[in-house]
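[1] Requesting a structural model of the entry that follows:
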Amino acid sequence: MLQKDASTKIPRKDFKGDLPKNEDGWIKYVNDLHDQGINVRQKYELSWTLNHAYAKGYQDIVFNYKTGRIEVPKTMARPLTVNKIGSFLDARLSKLTKQRPIPRVIPSTGDNEDVNAAKYSDHVLMHLWRKTEIEAEYESYIMMGLTYGTSFMRVLWDPFGGDYFKRATGRDEEILEIQDGAIKEEKIFLGEVSTKAISPFSMIPANENIREIKDQPWIMERTFHSVSDLEKFYPHLRGKLLGKAKNRSERTDYEGVIARLGSPVSSAIGSAIFNVHDSINDEVLCKKLWIKPNSQYENGLVVIVVGDQLAHIGPFPHDYGPNIYPYVKFTERTDGVHFWEQATVERLLSIQKAYNRLKQKKLKNIYLMSAGKWLIAKGSQIAEDSLTDEEGEVIEYNSSVNPPTQAGLAPLPNYAVEMARELTSDFRTVSGQSDTPTNLPPGVTASVAMETLAELSDEIINPILKRLSRCMARVAKAQLLIMNEEYIEPRKVAIIGEGNSYGVQYISAADLKHNTDVHIEVESMFPSFRGNKQQRLLELWDRRIITDPATFLKAYRFGNLDEILSEIEETDDPVWLDIAQLKKGKMPEITPWQNHMAYFKIISKWVQTPEFMGLIPERKQMTLDLLQGHLRFLLQSLPNRGAETPQTNQAAVGTPFGPQKTAGSPGTGGPT
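    Predicted structure coming up:
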């Protein structure tokens, strides 16, 4: 949904053009684009459905070339299936979600106001991700991308989300509305940013040969909503949707197959017909067309059609940044050409099918051969029930023929045994999974060995993580852009600091100051294991690189090396903030409790850079004065304030060759 107060008034064009001019024209335009897009997309839906079925273990479905549809066998007896694809998806999902992305907002400038605004944006963004459980959507986002090859994340403003307060209702400000002897109240929602993972079944692009979503001239989302929800968002549709929802289904054939594959029972007999029809149980297809800003509508256009009713039409409600649309596309792989990308699962289908058929043949052969069989000469006069499993059994036969003997069981040929291994090797090659090497060079420490093994096994996911980090950065940027427009009232933001410290701060859009440049460090998303990090910390402790026991134990608890590095980085941050002040001609304050060593090291290096050389003479001198001031504090902390200490030969103390007392010292007879 878009907004609470939806409008169906056709907006005025900025320039004349050939787009529809009235309500009926827009309804027909959206429906035609939808039907055309469904027909073009049908060939991809076949691959998505097969990928989904094989991932769930339903690998006996067949494609009927006469009808062009996927058919599920009408039997409850399922053949032997070794689901390697499902295990592959679980393993890759585990690697990609081992480390969740941490967004960081980069300030627009080095000003204190922008730095603080970026810090507030950081807090608001992390609070939103915790509050709306982005991590759950993140897992669905990745899993759908791995299964179908493409998935989407939608970022919109939900006017009925977030916190709310109650307000008394009435006909005017003085007369309150009374119901059952009490003042009637209504909920006023503050609204919240809504972020949802969407499957490719819900999206229709304008052109399948345009790779980036931002370059599409238009894009459409097709989702099913209950009648009650649609009437809640679009009050003018009340009473116009219930009959249409009951009489017609708008789901595609492949969407129906996906619904039937929800469980083994439903995949065999199909879902039961649901005969209860009301505003809660009935669903209607909602088509949301987003037209990119163009010469006719410079602010873009959103058209929402429900059945044959126009629910909303108007410009883009928010600025979604460089991505143009409120949708962020994630692809597991990319060919650089097409909008819909091929999933690795699609490449594994033929190998998985061959592996299962071989397993089924071997199992059938085992069943046939393992059952005891007897070779009995014709005319031996042995009854059928004579051969039993009793001990000391006596079998009478005609002595003129050969006695009955058991048939020998022939082992499977070697090529049949080796074929299963070859298929397993082919599966690993195509999927990018690699065996863990066991032979490492001598002299390699335990932590380096563990890191090397992890890097070798995770090398294949490097490009996937890069694309994923870019996608989540776009999602976070769109969220901040919406919050900069909609967070008019101060919002209570929970801030979690070091040591599980907890704080609350009220932040509004005025505090954010449009700091929306979000960066996600790709390296931080690589999977890493606690044992590996703890082993690395032990080696740093043994080599005396880490010397503080409290710091070591704090980092060792969860194997978090970032805690030590963050403390080092935090000591450098104030220095760079003061350098930013120097470049503006402002002299920073020098206090005794500052880290003067960090100031001296960083500023000493900075004065040798071309940036410092390009400053005007007054600001250069100001920088040197600041450096001199911190140097004075450093000298005061040294013994004798940095003066040279005379060296004393301890072996000569107390001898005629010992140190001589200076004039004026007690016992020398000089002036005191």
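[2] Can you tell me the closest non-neighbouring residue to K119?
    In space, and not counting its chain neighbours, K119 is closest to V105: 7.7 Å by C-beta to C-beta, 6 or more residues apart in numbering. All C-beta spots, glycine's among them, are computed from the backbone N, C-alpha and C.
[3] Quick check: the gap between P574 and A259.
    58 Å (C-beta to C-beta, to the nearest Å).
[4] The most centrally placed residue in the chain: what's it in contact with?
    By C-alpha atoms, centre = their mean, the chain has its centre lying nearest to Y138, at 3.7 Å. Neighbouring residues of Y138 by C-beta atoms under 8 Å, 6 or more residues apart in numbering: T97, R100, P101, A197, M472.
[5] how close does the first one sit to H34?
    What it means is T97. Taking C-beta to C-beta, one finds T97 at 34 Å from H34.
[6] Tell me the secondary structure of D335, please.
    Look at D335: counting by DSSP: H, G, I helix; E, B strand; the rest coil, its state is coil.
[7] number of nearby residues for R251?
    Applying other C-beta atoms under 10 Å, we find 15 residues neighbouring R251.
[8] just to revisit the earlier point, the residue nearest to K119 and I520 touch, don't they?
    No - in this structure, V105 is not within contact of I520 by C-beta atoms under 8 Å, at 10.8 Å.
[9] Have a look at the two and say which one is more surrounded.
    Ranked by neighbour count (other C-beta under 10 Å), V105 and I520 place V105 first, with 24 against 20.
[10] Can you give me the pLDDT of that one?
    At V105, the pLDDT value in this model is 85.
[11] Equivalent analysis for G243, please.
    Predicted confidence (pLDDT) for G243: 64.
[12] So which residues of the stretch 251-400 of the chain form strands?
    With DSSP state E, counting those that start in this stretch, the ranges of strands along the stretch 251-400 of the chain come out as 283-291, 301-306, 309-314, 327-331, 374-375.
[13] any idea of the angle the first one forms with strand 301-306?
    This means strand 283-291. 160 degrees (axes from the mean of the first three to the mean of the last three C-alpha atoms, to 10 degrees).
[14] what about F160, which SS state?
    Per three-state DSSP, F160 ends up coil.
[15] And the buried ones among the contacts of Y138, selectable in PyMOL?
    Listed next is the PyMOL selection for buried residues among those, using 16 or more other C-beta atoms under 10 Å:
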select buried, resi 97+101+197+472
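[16] where's the dip in pLDDT among the contacts of Y138?
    Within these, pLDDT is lowest for R100, at 79.
[17] so it sits in a helix?
    No - assessed by three-state DSSP, R100 does not belong to a helix; its assignment is coil.
[18] Spatially nearest residue to it (excluding sequence neighbours)?
    Counting by C-beta to C-beta, 6+ apart, the residue nearest R100 is E135, at 6.0 Å.
[19] quick one, phi/psi of that neighbour?
    When read as degrees, to the nearest 10, the backbone of E135 gives phi -60, psi -40.
[20] mind starting the numbering at 887 from now?
    Sure, I'll start counting at 887 from here, so that last one is E1021.
[21] neighbours around it, how many?
    As a burial measure, E1021 scores 12 neighbours (other C-beta under 10 Å).
[22] That one and L1014 touch, don't they?
    No - contact criterion C-beta under 8 Å: E1021 and L1014 do not qualify, at 11.9 Å.
[23] Correct me if wrong: A941 contacts G972.
    Yes - assessed by C-beta under 8 Å, A941 is found in contact with G972 at 5.4 Å.
[24] more crowded one of those two?
    The neighbour count for A941 versus G972, taken as other C-beta under 10 Å, is higher for A941 (25 against 17).
[25] re earlier: need the contacts of Y1024 in TSV with distance to V1189, can you?
    As requested, the contacts of Y1024 are exported to TSV (distance: C-beta to C-beta, whole Å):
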residue	distance to V1189
T983	36
R986	36
P987	33
A1083	24
M1358	29
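[26] so G911 is in which element?
    Taking DSSP states H and E as the definition, G911 sits inside helix 909-942.
[27] starting at the chain centroid, how far to that helix?
    25 Å (C-alpha atoms, centre = their mean, to the nearest Å).
[28] Show me what counts as buried in that helix.
    Those would be 912-913, 916, 919-920, 923, 927, 930-942, for helix 909-942 by 16+ other C-beta under 10 Å.
[29] Which parts of the stretch 937-1086 of the chain are helices?
    970-982, 998-1017, 1020-1034 (DSSP state H, counting those that start in this stretch).
[30] okay, these, which one's buried deepest?
    helix 1020-1034 (a mean of 21; mean count of other C-beta atoms under 10 Å).
[31] and the closest residue to H1204 other than its chain neighbours, what helix or strand is that in?
    Leaving out its chain neighbours, the residue that sits closest to H1204 by C-beta to C-beta, 6+ apart is I1368, at 5.1 Å. Following DSSP H and E, one finds I1368 within helix 1348-1372.
[32] For that helix, could you pull out the residues that count as buried?
    Buried residues in helix 1348-1372 (16+ other C-beta under 10 Å): 1350-1351, 1353-1355, 1357-1370, 1372.
[33] Which other helices and strands does it contact?
    helix 970-982, helix 998-1017, strand 1036-1044, strand 1078-1084, strand 1213-1217, helix 1395-1398, strand 1403-1405 (3 or more C-beta pairs under 8 Å, 6 or more residues apart in numbering; DSSP states H and E).
[34] Can I get the helix or strand following that helix as PDB, trimmed to CA atoms?
    Going down the chain from helix 1348-1372, the next helix or strand is strand 1377-1382, by DSSP H and E. The C-alpha atoms that make up strand 1377-1382 are tabulated as PDB, following Å, rounded to 0.1, in the frame of the first residue of the first chain:
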ATOM      1  CA  ARG A1377      10.600   9.400  17.400                       C
ATOM      2  CA  LYS A1378      11.800   7.400  20.400                       C
ATOM      3  CA  VAL A1379      14.900   5.600  19.200                       C
ATOM      4  CA  ALA A1380      16.600   2.800  21.300                       C
ATOM      5  CA  ILE A1381      20.400   3.000  21.200                       C
ATOM      6  CA  ILE A1382      22.500   0.000  22.200                       C
END
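[35] what helices or strands is whichever helix or strand comes after strand 1377-1382 leaning on?
    Remark: after strand 1377-1382, the chain's next helix or strand is strand 1388-1393, criterion DSSP H and E. If you count contacts as 3+ C-beta pairs under 8 Å, 6+ apart, strand 1388-1393 packs onto helix 998-1017, strand 1377-1382.
[36] Go ahead and confirm Q1102 touches E1094.
    No - Q1102 lies out of contact with E1094 (C-beta under 8 Å); the separation is 9.9 Å.
[37] Can you check which residues contact both of the two?
    If you check Q1102 and E1094 against C-beta under 8 Å, 6+ apart, the residues they both contact are F1225.
[38] So between the two, which is more surrounded?
    Q1102 (23 against 17).
[39] Distance check, E999 against R1505.
    21 Å.
[40] among the strands of the stretch 1137-1286 of the chain, which is nearest I1476?
    strand 1213-1217 (46.5 Å; C-beta to C-beta).
[41] Packing partners of that closest one?
    If you count contacts as 3+ C-beta pairs under 8 Å, 6+ apart, strand 1213-1217 packs onto helix 1020-1034, strand 1036-1044, helix 1348-1372.
[42] That'll do, ta.
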